[in-house]
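[1] okay, here's the prediction I keep looking at, along with the sequence it came from:
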Amino acid sequence: MDAAMVVRELWARIQARDWSGVGELIADDAIVDWPVSAERIVGRDNYVAVNSGYPEGWQIRVLRVIGMGDEAVSEVEVPHQDLGVFRAVSLWTVADGKIVRGTEYWTTPGSDTPATDRAAFVEPMPLCLPTPAALCWPTPL
C-alpha cells in the first residue's frame, strides 16, 4: 500500500472508530507532532488514545490526499456538533505500510483576525461546506 492509500485508510478507520484498525496503520515508535499546540505524540498507543479519547460528536471529511512514494499530505475537515469545525493539514511519512512520522496543523477556520494591512488585497473566504445543510463556521453546528 502506498503512502496515500495508507493515509486514506487511516482517516476511514478513524471515522469508523475502528481503533484497533487505526493502530495497525501506526508504527510502534511513530512520532506525530502538533506544532500549533506544541505537542508531540510518541508511539502507536498514545496516538490511538489521543484520538479515541476525543469527545464524541465529530466526523471526518477527507478533502484531499496527495502522495508520492513514502510521503503523503492530507487535508481533512472535522465538524463537531458542540465544538465547531476544525481543519487539519497533515504531512505523513509511511514505511512498510505504517505511519512512522506525522506533522499535523490543526486549526479552526476563521479563528485568526485578518490583518488590516492586507484588506485592500483580499476578500473574506467563504466558510461553508457545499452540503445540503450548508454547514458554516465559526457558527456552532
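    Okay, I see it.
[2] poorly predicted segments of this protein, please.
    Applying pLDDT under 70 to the chain flags the ranges 127-141.
[3] which strand runs longest in it?
    strand 84-95 (DSSP state E).
[4] what's in contact with it?
    Defining contact as C-beta atoms under 8 Å, 6 or more residues apart in numbering, one finds that strand 84-95 is touched by 2-3, 6-7, 10, 27, 70-80, 99-109, 135, 137-141. The way it works is simple: take the backbone N, C-alpha and C, and place the C-beta from them, glycine included.
[5] sort out for me which of the residues you listed are in helices.
    Counting by DSSP state H, these place Ala3, Val6, Val7, Leu10 in helices.
[6] ok, the closest residue to the last one other than its chain neighbours - contacts?
    The reference is to Leu10. Setting aside the residues directly before and after it, Leu10 is nearest to Leu25 in space (C-beta to C-beta, 6 or more residues apart in numbering), at 5.1 Å. Remark: with contacts taken as C-beta under 8 Å, 6+ apart, Leu25 is in contact with Val6, Glu9, Leu10, Arg13, Gly97, Lys98, Ile99.
[7] name the nearest residue to the residue nearest the centre of the chain, ignoring sequence neighbours.
    Closest to where the C-alpha atoms of the chain average out (C-alpha atoms, centre = their mean) is Ala88, at 3.7 Å. Nearest residue to Ala88, sequence neighbours excluded (C-beta to C-beta, 6+ apart): Trp106, at 4.7 Å.
[8] hmm, the one you found is touching Glu39, no?
    No. Look at Trp106 against Glu39 with C-beta atoms under 8 Å: they stay out of range, at 10.0 Å.
[9] who has more neighbours out of these two?
    Between Trp106 and Glu39, Trp106 has the larger neighbour count (other C-beta atoms under 10 Å), namely 15 against 11.
[10] which residues does the more buried one contact?
    Per C-beta under 8 Å, 6+ apart, neighbours of Trp106: Trp34, Val36, Ser37, Phe86, Arg87, Ala88.
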